[in-house]
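Participant: All I have is the shape, not the residue letters:
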């Protein structure tokens, strides 16, 4: 009986450590990375423009980038423009 219990315990432990499923090709195709160039103005990003995309994905990336809040210390240490890589799903 003890070997049966041990075998069941090992099977349960092994199944809990199974690797996570990889995203399918359709899931990977839906996510797009868009580079957005923004100006740091105080605690926000302004004047954002999509660098390497057009259409609805670019518009969504710009909208999301403009919602990013920047800490005052980061803004003071990095004046000017910044490139942000946004993961966008249409």
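Facilitator: Yes, it's here. Only a predicted model underlies this, so the values are computations on that prediction, with no experimental measurement involved.
Participant: show me the contacts for residue 34.
Facilitator: 50-53, 57-58, 60-61, 85-86, 88 (CB atoms under 8 Å, 6 or more residues apart in numbering). Quick note: C-beta positions are derived from backbone N, CA and C, even for glycine.
Participant: at 7 Å what do you get?
Facilitator: 50, 52-53, 57-58, 61, 86, 88 (CB atoms under 7 Å, 6 or more residues apart in numbering).
Participant: and those residues, which of them are in strands?
Facilitator: Among the contacts of residue 34, the members falling in strands (DSSP state E) are 50, 86, 88.
Participant: Turn these into a markdown table, including neighbour count, pLDDT and distance to residue 76.
Facilitator: Shown next, in a markdown table, are these (neighbours: other CB atoms under 10 Å; pLDDT from 0 to 100; distance: CB to CB, whole Å):
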| residue | neighbour count | pLDDT | distance to residue 76 |
| --- | --- | --- | --- |
| 50 | 20 | 94 | 26 |
| 86 | 21 | 91 | 24 |
| 88 | 21 | 89 | 29 |
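Participant: picking that back up, now, the most widely separated pair of the contacts of residue 34?
Facilitator: Across these, no pair lies farther apart than 52 and 88, at 11.7 Å, counting by CB to CB.
Participant: Helix or strand with the lowest mean pLDDT in this protein?
Facilitator: Ranking every helix and strand in the chain by mean pLDDT, DSSP states H and E puts helix 2-16 at the bottom, with a mean of 56.
Participant: Quick one: the helices in this protein, in order.
Facilitator: In the chain, the helices defined using DSSP state H lie at 2-16, 25-30, 56-66, 72-77.
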